[in-house]
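[1] Below are the sequence and a predicted model for it; my questions follow.
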Amino acid sequence: MSMNNSPNVFLDPNANRFQVNIINESRDNNEASQEDVGSDPPHYEETSFTDEAHNRLRISYRPGKRELYDNFLQSGEKTEASLHPYDTHNKMYYLQTFGHNTMDPVPKIDYYRNTGSVSGNKLNRPSLLEIHEQLAKNIAVSTGSVERVANGESTAGDETTASKEEENKTGLVKFGWVKGVLVRCMLNIWGVMLFIRLSWIVGQAGIGLGIIVIALSVVVTTLTGISMSAICTNGVVRGGGAYYLISRSLGPEFGGSIGLIFAFANAVAVAMYVVGFAETVVELLKESDTIMVDESNDIRIIGTITVVCLLGISVAGMEWEAKAQVILLVVLLIAIANFFIGTVIPTNNEKKARGFFNYQASIFAENFGPDFRGGEGFFSVFAIFFPAATGILAGANISGDLKDPQGAIPKGTMLAILITTVAYIGVAICAASCVVRDATGNINDTVVSGMSCNGSSACNLGYDFSRCRNQPCDYGLMNNFQVMSMVSGFGPLITAGIFSATLSSALASLVSAPKVFQALCKDNVYKGLHFFAKGYGKNNEPIRGYVLTFVIAMAFILIAELNTIAPIISNFFLASYALINFSCFHASYAKSPGWRPAFRYYNMWVSLFGALLCCGVMFVINWWAALITYAIELFLYIYVTYKKPEVNWGSSTQALYYINALDSALALTAVEDHVKNFRPQCIALTGAPMIRPALLDITHTFTKNNGLCICCEVYTGPRKLCVKEMNSGMAKKQAWLTKNKRKAFYAAVAADSFRDGVKSLLQASGLGRMKPNTLVIGFKKDWRNAAASQVENYVGVIHDAFDFELGMIIIRISQGFDISQVLQVQEELEKLEQERLALEATIKENEFEEEKSGICGFFRKARKLNISKHETKKESTINTIQSMHVGEFNQKLLEASTQFKKKQGKGTIDIWWLFDDGGLTILIPYILTIRKKWKNCKLRIFTGGKANRIEEEKLVMASLLSKFRIKFADINIICDINMKPNKESWKFFEEMIEPYRLHESCKDITTAEKLKRETPWKITDAELEAFKEKSYRQVRLNELLQEHSRAANLIVLSLPVARKGVVSDYLYMAWLEILSKNLPPTLMVRGNHKNVLTFYS
């Protein structure tokens, strides 16, 4: 590889700021040098920094190998052809970035793609571990991993098959902003209302209020368009339109609920528009007296034929549908232009009789004010007009078919709103400036000489329409829906415009509904609808969705009760507008760093106003339809929330959860602790939570919905391996807690020893006031067989908890907590079962191929026989292993691990409250009894006392508990706690501690001192004698526990405290062992000697 080392590099205007060089550092450089120009200097790299740099990757390459490296770095794919010349074991490669041996890649968009991206391969940059741990001078990269080093590890294997297919397809039809958004939105907004109802609206409301009606409608759509523009420009937009925008902003709950009703609304809208078209055709048939059956059935027949034709256009592909839309737009524009031209063409007597006088200032003045009739008012007229302003989502609904949705949707939608608004206002003003409100249509109704006009513009223009005040007339703005046809230059063009408006809107809805529905089904929010997610053809057309939309549209056409359903459909659209506005507000309010829309002309409070305005308009249009819409949306929201689809879209809802949690945590720091608000906040040393489920279950029972629970694990060993294992398992173990509905957190640390790790957890766990105050550990059942260092660590953890003023709970069950061996056996059996199923599938596939192969199958019988033998051998091996493991399977251990998940039957929780620790010993069992699983258990209290004061002691304890409002079934005063235990019990204790005694009194002083230095953990005779009474007490307590509490469901017992540095670890463990031996599940509890109970209000 030749390198240009001359100063001219710095003068080269085409030089680039960044250079990445793949260079060969094998021993065969001499051959390569001979190929280079003889005057070339050695292989050094210099990085040029020029003002005219283009900031793109520049590659230095060997002469003749440019194509190889272009292919390698540009395509990002390793191919046999591209790497073949260097595919040897003795030639290695290094990545050179900025002149250094490093795996650090330069910034590249492929590192930021989602897995399954259809716009390019997602690449994985080298991990921090690879860069941090493996950075060395000579990091050799084999030819098989050149791509990983240069571009990041390719994840093509992780991409879905569908995504690969889409990448490889050629001839995809993608639309620009004009054809894809502007045309569709204009056609959808310009509906039948423009031609047949706008004149009536301006007649009722007048020019002034009519413009306000239009403007108010446009305010709603414009605010929604602005919000949609902000959302669209905050990242790549894929197929799904309104559903995609809302679901990615607010999450699957809102997106799933609105997506379904929005798709349904579009499907029903197809029927509405088609019926509008059919009604216009039937009117023409009536005029020519060519009705086929009757008026209603003719609408159904024409509607059915129309929907079939539209379905054919849609199924043919988006390209054909787009061409049809362009043709319809041309017809519509000609029709609108035809109206404006007609207003300046001189009128005739027939048109004058019908109220058309060309532009007249007197008509404009007369029609400027409102003249509401027939019980109509401003809001009722607004409710009738508003659906004419909708349709702004027509472009967004096909977002998956746009070349650049981020740029096309805002530009096309906002321009469409502007153009259609100008057209609506222009038509309204022109119609109201040319046509009077009432006209008879009789050319003989002219003004008689001497007649008083009373300010009537028609009278001033020579026509007397005064009888319209007393009887209904057929013409004029208020009475004739065909005003635009009358005014236009050529009437049939208006009819063509009506056809174009209805058909284009129907076609847009017929395309929108399946596209939105397909996106919804692909996300698998509603699992039963996944059938409709499949796409066909180069554009991934939702054929199944088209058929479903066709069926829905046909059903409503045949029912023909669209007047009832129309308000609900309008409210469905408005609900989606409201949520788009709310999505923009919510994303801004959550202040997530990921909310960075390129469209800057928005405001969160304006978006909120738009959302509230949409909700208000829903009630203005139809209050009962609004209530139905809210009810349906609420039902779907609850359903999706309950089902909890497994998606993570980084919604603003998630961001707001974080903000609320952070604000609450900060607010909590300002709150002073009070004993009434004390709750157990526990660190449970479960290790991996699935390894000790029983320990987690009992802890979770008294912390669920009440306090903090953190499942902790300490990794010990080589730091590098521990950290790697810890990092890889964090998410998995937290997910296990969530899946098993355990309201707990998982935390892990890597440390040199178990005690050091726990010490770190005790000091650093928690946040603000949400810090642990109680340590929960399982009893170390194997302490007698464990190494002395392990016992020292275990007892040291207890000392550390007390040093940090935490409460302490040690839990013991007869079978122990660790079920890792059971899980290992289950995992092995699952693997064997998977192998067996895979083997069966292979055999079936071979048999199928043999059946197809005809005569060739004869030669494969031997192979089949071998496979069958292999299968028999494999199955026998599986059966042997299964039977072997079943024999080893500890059923009692498995049952013990689930004992705290079950509902406890009627029984007792025995509380041996021997020492006052602040009340934790009594609070924990009380919390248990208010849980559903333990509510049938009664509390029995055991405490020490004097034989001659039993009744007084009972009364004192009863009074104390009643002040604490803790119900109890019985109080027992134990008088003989300080008696010596029986000989058998004491002998068992002595035998238990015998292996750990020093027996220094039997040895000379020198030997004794030497033994103390060598085994400082052993129990000395002096220590045993000093704590003989305390040892007696532990043994005696076990006898009393056996006597009184053997049948209890649970025992809660005051934990003895060993003085640090005085009581040896093994003596303390012996106390705990003898104290809790052969008992039901036992909790040994010791609070931090600060009050956790109070009797003050």
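    Received it, and whenever you're ready, just let me know what you need. Just so it is clear, the structure is predicted and the values come from calculations on it, not from any experiment. Numbering: from 1, shown residues only.
[2] Using the three-state scheme, assign the nearest residue to Glu805 once chain neighbours are set aside.
    Nearest residue to Glu805 in three dimensions, chain neighbours excluded: Asn1088, at 4.7 Å (C-beta to C-beta, 6 or more residues apart in numbering). To be clear about C-beta, it is placed using only N, CA and C from the backbone, and glycine gets the same treatment. Here Asn1088 is recorded as coil under DSSP: H, G, I helix; E, B strand; the rest coil.
[3] any idea how far Ile327 is from Ile334?
    Distance of Ile334 to Ile327, given as C-beta to C-beta, to the nearest Å: 11 Å.
[4] ugh, wrong one, I meant Ala389
    24 Å.
[5] Same drill for those two, tell me which one is more crowded.
    The neighbour comparison of Ala389 against Ile327 (other C-beta atoms under 10 Å) goes to Ala389, with 23 against 13.
[6] The more buried one is in contact with Val219, isn't it?
    No: Ala389 lies out of contact with Val219 (C-beta atoms under 8 Å); the separation is 9.6 Å.
[7] From the chain's centroid, how far away is the helix or strand hosting Leu418?
    Here Leu418 sits within helix 405-434, counting by DSSP states H and E. Helix 405-434 sits 37 Å away from the centroid of its parent chain (C-alpha atoms, centre = their mean, to the nearest Å).
[8] Kindly report the same for stretch 617-634.
    27 Å.
[9] and that stretch, what's its mean pLDDT?
    What stretch 617-634 shows for mean pLDDT is 88.
[10] Same check on stretch 446-466?
    For stretch 446-466, mean pLDDT is 73.
[11] Stretch 420-436 too?
    Here stretch 420-436 scores 91 as its mean pLDDT.
[12] same check, this time on stretch 254-261
    The model assigns stretch 254-261 a mean pLDDT of 84.
[13] Export it to CSV, keeping only CA atoms.
    The C-alpha coordinates for stretch 254-261 follow below in CSV (Å, rounded to 0.1, in the frame of the first residue of the first chain):
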residue,chain,number,x,y,z
PHE,A,254,-53.0,4.9,22.9
GLY,A,255,-51.7,3.8,19.5
GLY,A,256,-53.4,0.5,19.5
SER,A,257,-56.8,1.9,20.6
ILE,A,258,-56.8,4.8,18.1
GLY,A,259,-55.2,2.7,15.3
LEU,A,260,-58.1,0.2,15.3
ILE,A,261,-60.9,2.7,15.3
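[14] How about residues contacting that stretch?
    For stretch 254-261, the external contacting residues (C-beta atoms under 8 Å, 6 or more residues apart in numbering) are 240, 242-244, 246-249, 516-517, 519-520, 523, 525-526, 572, 575-576, 579, 583, 629, 632-634, 636-637, 639-640, 645, 653.
[15] Now list the buried members of those residues.
    Using 16 or more other C-beta atoms under 10 Å as the burial test, the contacts of stretch 254-261 include 240, 242-244, 246-249, 516-517, 519-520, 523, 525-526, 572, 575-576, 579, 583, 629, 632-633, 636-637, 640, 645, 653 as buried.
[16] tell me which residues of the helix or strand harbouring Met228 are tucked away?
    For Met228, the host element (DSSP H and E) is helix 198-232. Within helix 198-232, the residues scored as buried using 16+ other C-beta under 10 Å are 198-207, 209-211, 213-214, 216-218, 220-232.
[17] do the same with stretch 997-1007
    Buried, per 16+ other C-beta under 10 Å, within stretch 997-1007: 997-998, 1000.
[18] Narrow these to those in helices?
    Members of the buried residues of stretch 997-1007 lying in helices (criterion: DSSP state H): none.
[19] Quick check: of those residues, which lies closest to Val483?
    Arg997 (112.3 Å; C-beta to C-beta).
[20] contacting residues around the nearest residue to that closest one once chain neighbours are set aside?
    Nearest non-adjacent residue to Arg997, counting by C-beta to C-beta, 6+ apart: Ile1019, 5.0 Å away. With contact taken as C-beta under 8 Å, 6+ apart, Ile1019 is in contact with 993, 996-998, 1064, 1066-1067.
[21] Now tabulate those residues in JSON lines and tack on pLDDT and distance to Asn948.
    Output for the contacts of Ile1019, formatted as JSON lines (pLDDT from 0 to 100; distance: C-beta to C-beta, whole Å):
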{"residue": "Ile993", "pLDDT": "92", "distance to Asn948": "35"}
{"residue": "Tyr996", "pLDDT": "91", "distance to Asn948": "40"}
{"residue": "Arg997", "pLDDT": "89", "distance to Asn948": "39"}
{"residue": "Leu998", "pLDDT": "87", "distance to Asn948": "42"}
{"residue": "Ser1064", "pLDDT": "92", "distance to Asn948": "37"}
{"residue": "Tyr1066", "pLDDT": "94", "distance to Asn948": "39"}
{"residue": "Leu1067", "pLDDT": "94", "distance to Asn948": "34"}
